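1. I'll drop the sequence and a predicted model, then ask my questions.
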Amino acid sequence: MDSTDRIEDLLAGLPGADAPNGDDSPVLPVAAGASPAGTSPAGTSPTGAANTAPVTPADPSSGAAASPRALAILRETFGYGAFRGPQAEIVERLAAGGDALVLMPTGGGKSLCYQIPSLMREGCGIVVSPLIALMHDQVAALRQLGVRAAALNSALSARDARAVERALTDGEIDLLYVAPERLVTAGFMELLARTRVALFAIDEAHCVSQWGHDFRPEYLQLSVLHERFPAIPRIALTATADPLTRDEIVERLALRDARVFVSSFDRPNIRYTIVDRADARAQLLRFIRDEHAGEAGIVYCLSRRKVDETATWLAAHGVRAIAYHAGMDAASREAHQTQFQREDGIVVVATIAFGMGIDKPDVRFVAHLDLPKSIEGYYQETGRAGRDGEPADAWMAYGLADVVQQRRMIDLSEGDEAYKRVAGAKLDALLGLCETAGCRRVRLLAYFGEASAPCGNCDNCLAPPRTWDATEAARKALSCIYRTGQRFGVVHLIDVLLGRDTERVQRWGHTQLAVFGVGADLDEQTWRSVFRQLVALGFARVDHEAHGAIRLTDASRPVLRGDQAVSLRSDVREKRAVAGTRRRRASRATLAGGAGGRDDTVLSPADEALLDRLKAWRLAQAKAQSVPAYVILHDATLAEIARRRPRAAHELGEIAGIGAKKLERYGDDLATLVAGGDAPVSAATDPG
Ligand SMILES: Nc1ncnc2c1ncn2[C@@H]1O[C@H](COP(=O)(O)OP(=O)(O)OP(=O)(O)O)[C@@H](O)[C@H]1O
Ligand SMILES: [Mg+2]
Ligand SMILES: [Zn+2]
């Protein structure tokens, strides 16, 4: 078994370990619903209590509620044609002075929910955001749109901060991003009292949750906003789905009068794939080369050592891979995060210390080389892919070693019995996802209390796994465990089943057993799969006190006796045929329209050539203005330009992502590029 070296990255977040200590705390996304001191609220279900609260996703086509004014801002400023999901209703609620709590998945479009009402109402929208490192990019993106945005945080010099404060009281700012610790100071409160405030937006509102993985003590003080400014509307937003966190937000931020908007948590553009692990690195490299060559992605590993090794190995094989974990010094961590955000096509190999607030829209894949702790963790991590709505992959390689390792970490944690029970149940739910022969998405959404139909965009839907009657194999495997005394790991058990006359088998006299060689009808890989599934399904278990020995459970008996049939999935080793060229990206509309329709909007070679030139132009613009490339224009916008080849300004303005300001600023360059010419990089001044 690998990567047992440094598990501090994970243990750091467990009860009894050191408390989180800042932006980059290497904490784990496990304990939603679990409580450190066994004070779990009554009725908490082991699966994150998700089923206690019915989720009623809003009608995805509910744009009807939008007022002409909101629509005009959406179109002219942001360049989008329609609101998504409940956005319109939320915007109108805020614009009318009401409070709202918004639960929407990662990349769902929460920002517009406060940005547009801030522009509709008189005064400045004050946005509380925990991630100073990312404020700069958010402000840059808004300024590109012609919105008067600014940030106030500790990264600013005193002089610059004073200038921002003056502009604020003079009514010259539409949106101000503030770090929570700054917001609650007496000085800032006094400043607010002299400012016309349109609304307060509390982003990443789950940071008030003390049991969550992103807890920020300063968030607890944000209820002061309501006390001091009761008449100003407030909106809290989070992508954390579970009802416990939701209740904590309502309670701690005094949002009892807020209307709660729950979106569907489905991310239809993400394709879920879980493969049987044989040689994880080689499988990962093949996946990246075949499906995502030159594209940005995140690879999650459990241990720091594995992060470093994997990044080095990928780099040696031609992938632009960099590492990120809490053991690196702050400067290198920040450098790597910035490089990932700004440059095209970087693959960051990381522990879960990486990711919160990463709003890079064009992350094309998230890969897991180790099993996460829970479905919540898996969903949050994979949710970082495809925030732009374009097709993206969530890919995981999974094997028995993961189960062994995760169970061990739970057993070794300092949490009490209640904690271990919840953590164990969460792990079981995740194993169920890994082993299911049904639609992965149906299973994921069901976990969050949402019903759905098979999606057509996961590995199981695309290539339904075959199942086989494994009753005989299961009986052989279980009796092999029993006959050898429940003291051996899978490697030895398989040697015995296959009748291998190894030194170890000899030493223990296992050639004498009745089970010696009874499994020769199946190959080693199949036996590995059998043992993995038996453990995942609870027919056998791993004993950590006995160094990972496999033992029987109560559920083993009926199988051994022949009273219970066992059906297992046959692992498909290489899922997809290698396509000659990379799959091109279907639009969000195509995806919404039907399952598996991602090849409908293939770019011609000429379009591809134009797209490449558009990207080169964008890179030069981004460099000249020192902003990330996506702040200039998104990939999806460039692809649409390459496809439709608009010449006239009004045609260009119809493309999603091109509002009035961007049309004015980049329209000529884009028209020149479409016409086949070279556009010079225009003046590199801040457009704001
Ligand atoms: N109505 C819309 N039409 C088209 N694109 C949209 C619309 N609303 C949002 N988007 C785009 O969706 C992407 C994600 O939006 P946003 O950053 O607000 O997500 P989020 O919900 O805040 O996610 P996170 O939880 O990761 O912070 C952005 O690129 C945004 O421009
Ligand atoms: Mg957001
Ligand atoms: Zn599916």
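-> Cool, got the structure. Numbering: from 1, shown residues only. Ligands and ions are numbered 1, 2, ... in the order given.

2. so residue 678 touches residue 672, yeah?
-> Yes. Taking contact to mean CB atoms under 8 Å, the distance of 7.2 Å between residue 678 and residue 672 places them in contact. Placement of C-beta: from N, CA and C, glycine included.

3. now for the residue of the stretch 1-150 of the chain found nearest ligand 3: which residues touch it?
-> With distances taken as CB to the ion, the stretch 1-150 of the chain approaches ligand 3 most closely at residue 105, which sits 16.8 Å away. Under the criterion of CB atoms under 8 Å, 6 or more residues apart in numbering, the contact partners of residue 105 comprise 239, 241, 263-267, 383.

4. of those, the lowest pLDDT goes to which?
-> Taking the contacts of residue 105 together, the minimum pLDDT is found at residue 241 (66).

5. taking the stretch 501-650 of the chain, what residue is nearest to ligand 1?
-> In the stretch 501-650 of the chain, the residue that lies nearest ligand 1 is residue 634 (6.2 Å; CB to the nearest ligand atom).

6. about what we covered before: and which of the contacts of residue 105 is nearest ligand 3?
-> Within the set of these, residue 266 lies nearest ligand 3; the separation is 10.9 Å, counting by CB to the ion.

7. residues in contact with that closest one?
-> When the contact criterion is CB under 8 Å, 6+ apart, the partners of residue 266 are 57, 105, 441, 445, 450, 452.

8. mind putting those residues into CSV with secondary structure?
-> Compiled in CSV, the contacts of residue 266 are given as follows (DSSP: H, G, I helix; E, B strand; the rest coil):
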residue, secondary structure
57, coil
105, coil
441, helix
445, helix
450, coil
452, coil
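
9. which of the residues you listed are buried, as a PyMOL select command?
-> This is how PyMOL selects the buried members of the contacts of residue 266, with burial counted by 16 or more other CB atoms under 10 Å:
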select buried, resi 57+105+441+445+450+452
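
10. okay, the contacts of residue 266 in JSON lines with distance to residue 416 and pLDDT next?
-> Putting the contacts of residue 266 into JSON lines (distance: CB to CB, whole Å; pLDDT from 0 to 100) gives the following:
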{"residue": "57", "distance to residue 416": "36", "pLDDT": "47"}
{"residue": "105", "distance to residue 416": "32", "pLDDT": "88"}
{"residue": "441", "distance to residue 416": "34", "pLDDT": "97"}
{"residue": "445", "distance to residue 416": "31", "pLDDT": "91"}
{"residue": "450", "distance to residue 416": "31", "pLDDT": "87"}
{"residue": "452", "distance to residue 416": "36", "pLDDT": "92"}
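
11. and which of the contacts of residue 266 is nearest residue 404?
-> Minimum distance to residue 404 across the contacts of residue 266 is 27.5 Å, recorded for residue 441 (CB to CB).

12. my guess is the closest one meets residue 460, correct?
-> No. Counting by CB under 8 Å, residue 441 stays clear of residue 460, with 9.2 Å between them.

13. how many neighbouring residues does residue 546 have?
-> Residues lying near residue 546 (other CB atoms under 10 Å) number 13.

14. out of residue 678 and residue 672, which sits in the busier spot?
-> Applying other CB under 10 Å to residue 678 and residue 672 shows that residue 672 carries more neighbours, namely 14 against 10.

15. which helices and strands does the helix or strand containing the more buried one pack with?
-> Assigned by DSSP states H and E, residue 672 belongs to helix 660-674. Using 3 or more CB pairs under 8 Å, 6 or more residues apart in numbering; DSSP states H and E as the contact criterion, the neighbours of helix 660-674 among helices and strands are helix 132-144, helix 605-625, helix 649-653.

16. report the buried residues of that helix.
-> Judged by neighbour count (16+ other CB under 10 Å), helix 660-674 contains these buried residues: 660-663, 665-667, 669-671, 673-674.

17. so residue 635 touches residue 390, yeah?
-> Yes. With contact taken as CB under 8 Å, residue 635 and residue 390 are classed as touching, separated by 6.6 Å.

18. the residue in the stretch 251-400 of the chain that ligand 3 sits nearest to and ligand 1, how far apart?
-> Closest to ligand 3 within the stretch 251-400 of the chain is residue 272: 7.2 Å, counting by CB to the ion. Shown here: residue 272 relative to ligand 1, a distance of 18 Å by CB to the nearest ligand atom, to the nearest Å.

19. pull the host helix or strand of that residue out as PDB, backbone CA atoms only.
-> Secondary-structure assignment from DSSP H and E places residue 272 in strand 270-276. As requested, C-alpha coordinates have been extracted for strand 270-276 and formatted as PDB (Å, rounded to 0.1, in the frame of the first residue of the first chain):
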ATOM      1  CA  ILE A 270     -19.300  17.100 -15.900                       C
ATOM      2  CA  ARG A 271     -18.800  13.500 -17.000                       C
ATOM      3  CA  TYR A 272     -18.200  11.100 -14.100                       C
ATOM      4  CA  THR A 273     -15.800   8.200 -14.600                       C
ATOM      5  CA  ILE A 274     -14.400   5.800 -12.000                       C
ATOM      6  CA  VAL A 275     -11.900   3.200 -13.200                       C
ATOM      7  CA  ASP A 276     -10.500   0.200 -11.600                       C
END
